[in-house]
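Student: I would like the atomic coordinates for the input below:
(2 chains)
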2 protein chains.
Amino acid sequence: MTTRPPSGMRDFLPDDVRRRQFVIGVIAEVYERYGFEPLETPALENLETLVGKYGEESDKLIFKILKRGEGGEAGQTDLALRYDLTVPLARVVAEYRAKLPQFFKRYQVQPVWRADRPQKGRFREFYQCDVDVIGSRSMAVEAELLAAAADVFTRLGFREFSIRLNHRRLLAALLDKLRIPAGGHARFLVILDKLDKVGREGVAAELTGQGFEVAAVKALMDTLPHSLDSLEGELPDGGEAIRELREVLALTSLTSAAGRVRFDLGLARGLGYYTGAIFEINVPDLAGSLAGGGRYDNLIGAFSGADVPACGISLGLERILVVMAERGMFPPAVASTPADVMVAQWFAGRAGVSLELAQALRTAGLRVELYPDSPKQDGKDIGRQFKYASTRGIPFVAIIGASELEAGTATVKNMATGEQRTVPRGDAAAAIGRTP
Amino acid sequence: MTTRPPSGMRDFLPDDVRRRQFVIGVIAEVYERYGFEPLETPALENLETLVGKYGEESDKLIFKILKRGEGGEAGQTDLALRYDLTVPLARVVAEYRAKLPQFFKRYQVQPVWRADRPQKGRFREFYQCDVDVIGSRSMAVEAELLAAAADVFTRLGFREFSIRLNHRRLLAALLDKLRIPAGGHARFLVILDKLDKVGREGVAAELTGQGFEVAAVKALMDTLPHSLDSLEGELPDGGEAIRELREVLALTSLTSAAGRVRFDLGLARGLGYYTGAIFEINVPDLAGSLAGGGRYDNLIGAFSGADVPACGISLGLERILVVMAERGMFPPAVASTPADVMVAQWFAGRAGVSLELAQALRTAGLRVELYPDSPKQDGKDIGRQFKYASTRGIPFVAIIGASELEAGTATVKNMATGEQRTVPRGDAAAAIGRTP
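Tutor: Numbering: from 1, shown residues only, chains lettered A, B, ... in the order given. Take a look at the predicted model:
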């Protein structure tokens, strides 16, 4: 029997968990500072809640749960694993409308499951980290989502990130001007979205290959580098979109996102449901984005039947973790030692001597590992205990031997320097200090 | 289409999440102080990993995942949802033996899924919180698990909890003396385990009903109240178990569990895999326990083929949450307000004025909600904004009106007292302070 986790899924050993918790902790703390609140939904949803929401291809990737009892034998299902965090949010907004505030600002960090073919960097269980504001059409929402994201990336140690900004209705005005039929807009944008992966030539080739007119594609490529100012004359139908983008730019300039945000007509975002401003966050030397989102004023409403504006950003938690690991960005304390000090056992069969010292050090605020096994004879295997502390990277070892027992002292060894100090037991915690 | 979560599962709205995070945070912090490290495993396991590990009845409650592609049509499955945290731990210990420390002390707080019939207080998705030490036979392990548990319950505000302690080999010695055949021990203990639910008469009736001898059952009932000292003479085969229990009692008396731990021969624990000390934590006026565990030296080994001692405790997170809610034990700050202050918007179409104040207050460390919508006319709907802050329980509102804009000030209103102060903008954060 294999002891590996299922294909495309991962066990997170302690150092992995600590790194993940560090990033999630920064995200939560920053967004809470902006008034966002945590939401959690079940891993399972009713199958009918999910099916038909993501498109035909994606529906095939939904993990379905076998029905219990007789029906299950025939492959019947009524439950499925969460596929994203947006549909559960829409369901929650519809279900608890009366209990939720008028402006519901929530963040949600939970795993989702997709029956994708596993490949490098692509998992069947992975975390999403979504932040959304439900209930307001104000551009202050876009500005605050981006300001908070800038705070997050800054806090995580990213220095050179940039935020690209565009607007779906501006793109629509452009496509109209290029005489792309409205029915082809979505398909067109999915291809345009590949710009930073396949380049201008790649996008142009795929667009013409898909039957879009060569002249329109050429006109698109000529227009992409244009500024907001020049577009104002060229795309009168995009006037309101341009006004909104200008407001987002003006507002973000008052925040920690100042200088990071730039308009980019080439930003398309693949998903079909965006209706307004869209944005992506990039770092140098990395294809693809570390975060992305936008305004989607019809999706939540489509679910609940009411008209509910919404805007959100999804932080690419798994990619952020990969990039931070590759670039050595985790503070040393994150991949931390399991304890500040290990208390060794000198006396055979007298664990209480060591346990009492361990408890005193814990009370003083230290994280303490008590070496659990008693030596067979007093002090006999003490070398093995020190070696264990060293292997575990625990920076100090504290011990009470025969003379220390009599004198009411403890000896503290700094494992890095080899320095040993024998101090009154009440001073042992101070002699160790807390490692940074 | 229903917008409710699936039967037996729950959405956690922000206040729920905060309460859960508070309890999980206390548990994690305390056990980390004892040198425990976090572990996370996938929600899905290979079906063959789970089946046959929990007994026939439980196997029926495992949620199975429909196989993707053609096979799935016939109801085939190869994956299943995690049913507990012990089998994944055993798998992890077997898989990463070389990477894990000799003494692997892990805590794990993750959901598990069981296709149980939903009923009050019983869910199909619920969190388990397991803490285990792998690799040592020392009683210092039992003592530290219990000391940490005592710290957890104390920190959570439980004052009158008690820890019951027994030993599986002492129970075995008793059953041997009562001439219960070894093959009937497990069944006998499952019934004895109901003692605190159905009482002495209930247990006696069920035991005799199940065919155990009346004389043996009567002798059992007479023996249950006996002390460790008196049992020493009566159950010579239980000598080593008694020695181990004495050591656990002596060691815990040196910790914060002092005075909490008492021997109780009537404690049985239902699970079959325990081999040594067993324990449960109870609070007054509550049937059933809030935590339980014990030593299980053969389970991990059975999985990996190696001989691996283990001891653990499972904290009943869902029950703890219910009891704390019912008894009003959460500190007020936990069901906290979404923000320390709301910044209102006086000027139509000039969100920047408010956003800049919000950013300054955030930089000062406050959690700030910016009222997102701009008023239609300057100051027109300011009453609605104050009302919103009040509904949300936000304790302060800060606002810049026309005179404040000119003077470089801001007005801060204490929503509880109604007091308003107009202060230089740089002093606004200090005028609010951080709510406790």
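Student: ok and the residue in the stretch 251-400 of chain A nearest chain B?
Tutor: Residue nearest to chain B within the stretch 251-400 of chain A (CB to the nearest CB): residue A:369, separated by 3.3 Å. Using the backbone N, CA and C atoms, a C-beta is placed for each residue, glycine as well.
Student: correct me, but that residue touches residue A:394?
Tutor: Yes - Residue A:369 is in contact with residue A:394 according to CB atoms under 8 Å; the separation is 6.3 Å.
Student: neighbour count: the two, which is higher?
Tutor: residue A:369 (28 against 23; other CB atoms under 10 Å in any protein chain shown).
Student: could you list the low-confidence segments of the stretch 251-400 of chain A?
Tutor: A:335 (pLDDT under 70).
Student: return the residues of it in contact with chain B.
Tutor: A:251, A:254-256, A:303-304, A:338-339, A:342, A:351-352, A:354-356, A:358-359, A:362, A:366-374, A:388, A:391-392 (CB under 8 Å from any CB of the partner chain).
Student: what about those residues, which are in helices?
Tutor: Those of those mapping onto helices are A:251, A:303-304, A:351-352, A:354-356, A:358-359, A:362, A:388, A:391, per DSSP state H.
Student: hmm, residue A:269 is touching residue A:294, no?
Tutor: Yes - look at residue A:269 against residue A:294 with CB under 8 Å: they come within range, at 6.0 Å.
Student: who's more crowded, these two?
Tutor: residue A:294 (26 against 22).
Student: am I right that the more buried one is in a strand?
Tutor: Yes - under DSSP: H, G, I helix; E, B strand; the rest coil, residue A:294 sits within a strand.
Student: what about residue A:406, neighbour count?
Tutor: The number of residues near residue A:406, taken as other CB under 10 Å, comes to 9.
Student: scratch that, residue A:433
Tutor: 12.
Student: likewise for residue A:393?
Tutor: So residue A:393, with other CB under 10 Å, has 13 neighbours.
Student: count of neighbours near the closest residue to it other than its chain neighbours?
Tutor: Distance criterion CB to CB, 6 or more residues apart in numbering or on different chains; nearest residue to residue A:393, sequence neighbours excluded, is residue A:337 at 4.6 Å. Look at residue A:337: counted by other CB under 10 Å, it has 19 neighbours.
Student: look up phi and psi at residue A:337.
Tutor: With angles defined as degrees, to the nearest 10, residue A:337 sits at phi -70, psi 150.
Student: do the same with the one 10 residues further on
Tutor: Reported as degrees, to the nearest 10, the phi and psi values for residue A:347 are phi -90, psi 130.
Student: what sits against it?
Tutor: A:353, A:354, A:374, A:375, A:378, A:379, A:405 (CB atoms under 8 Å, 6 or more residues apart in numbering or on different chains).
Student: ok, which pair from the ones in helices among the residues of the stretch 251-400 of chain A next to chain B is furthest apart?
Tutor: A:251 and A:352 (63.1 Å; CB to CB).
Student: more neighbours, the two?
Tutor: Higher neighbour count among residue A:251 and residue A:352: residue A:251, with 25 against 18, using other CB under 10 Å.
Student: does that one touch residue A:143 like I think?
Tutor: Yes - Residue A:251 lies in contact with residue A:143 (CB under 8 Å); the separation is 3.5 Å.
Student: shared neighbours, the two?
Tutor: In contact with both residue A:251 and residue A:143: B:351, B:355, using CB under 8 Å, 6+ apart.
Student: distance check, the one residue sitting closest to the centre of chain A against residue A:33.
Tutor: Among the residues of chain A, the one closest to the centroid is residue A:317, at 2.4 Å (CA atoms, centre = their mean). Distance, residue A:317 to residue A:33, by CB to CB, to the nearest Å: 19 Å.
Student: before we move on, the earlier item: list the contacts of the residue nearest to residue A:393.
Tutor: Counting by CB under 8 Å, 6+ apart, residue A:337 has contacts A:392, A:393, A:394, A:395, A:435.
Student: now the third one. Nearest residue, chain neighbours left out?
Tutor: The spatially closest residue to residue A:394, leaving aside those adjacent along the chain, is residue A:342, at 4.6 Å (CB to CB, 6+ apart).
Student: which SS class is residue A:116?
Tutor: Residue A:116 ends up coil, using three-state DSSP.
Student: which helices and strands does the longest helix anywhere in chain A pack with?
Tutor: The residue-count maximum for a helix in chain A (DSSP H) belongs to helix A:14-33. On a contact count with 3 or more CB pairs under 8 Å, 6 or more residues apart in numbering or on different chains; DSSP states H and E, helix A:14-33 meets strand A:104-113, strand A:125-134, helix A:139-155, helix A:317-326, strand B:37-38.
Student: and those: which comes nearest residue B:126?
Tutor: Nearest to residue B:126, of the helices and strands packed on helix A:14-33 and by CB to CB, is strand A:104-113 at 15.4 Å.
Student: what is the burial count for residue A:8?
Tutor: 19.
Student: show me what contacts it?
Tutor: A:116, A:118, A:122, A:123, A:124, A:125.
Student: and which of those is nearest chain B?
Tutor: Relative to chain B, the closest of the contacts of residue A:8 is residue A:125; by CB to the nearest CB it sits at 5.2 Å.
Student: any idea how far the closest one is from residue B:90?
Tutor: 20 Å.
Student: repeat that for residue A:202.
Tutor: For residue A:202, the distance to residue B:90 - CB to CB - is 49 Å.
Student: now for residue A:369 and residue A:394: what residues contact both?
Tutor: If you check residue A:369 and residue A:394 against CB under 8 Å, 6+ apart, the residues they both contact are A:338, A:339, A:341, A:342.
Student: where along the stretch 201-350 of chain A do the strands fall?
Tutor: Using DSSP state E, counting those that start in this stretch, the strands of the stretch 201-350 of chain A run over A:261-263, A:277-282, A:291-295, A:310-315, A:341-343.
Student: dump these to JSON lines, plus distance to residue A:112.
Tutor: As requested, the strands of the stretch 201-350 of chain A are arranged in JSON lines below (distance: least, CB to CB, whole Å):
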{"stretch": "strand A:261-263", "distance to residue A:112": "28"}
{"stretch": "strand A:277-282", "distance to residue A:112": "20"}
{"stretch": "strand A:291-295", "distance to residue A:112": "16"}
{"stretch": "strand A:310-315", "distance to residue A:112": "11"}
{"stretch": "strand A:341-343", "distance to residue A:112": "39"}
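Student: ranking these by burial, who's on top?
Tutor: Stretch with highest mean neighbour count among these: strand A:341-343 (a mean of 30; mean count of other CB atoms under 10 Å in any protein chain shown).
Student: and it, which strands flank it?
Tutor: Its sheet considered, strand A:341-343 pairs with strand A:368-370 (parallel), strand A:396-399 (parallel) by DSSP bridges.
Student: show me what the longest one is in contact with.
Tutor: What it means is strand A:396-399. A:340-344, A:346, A:354, A:357, A:361, A:382, A:385-386, A:389, A:410-415, A:428, A:432.
Student: swap in stretch A:356-371?
Tutor: The contact list for stretch A:356-371 (CB under 8 Å, 6+ apart) reads A:338-345, A:351, A:354-355, A:385, A:388-389, A:392, A:394, A:398, A:400, A:410, A:425-426, A:428-430, A:432, A:434, B:32-35, B:103, B:105, B:140, B:144, B:147, B:254-256.
Student: before we move on, the earlier item: quick one, which of the strands paired with strand A:341-343 is nearest to residue A:333?
Tutor: Nearest of the strands paired with strand A:341-343 to residue A:333, taken as CB to CB: strand A:396-399 at 15.6 Å.
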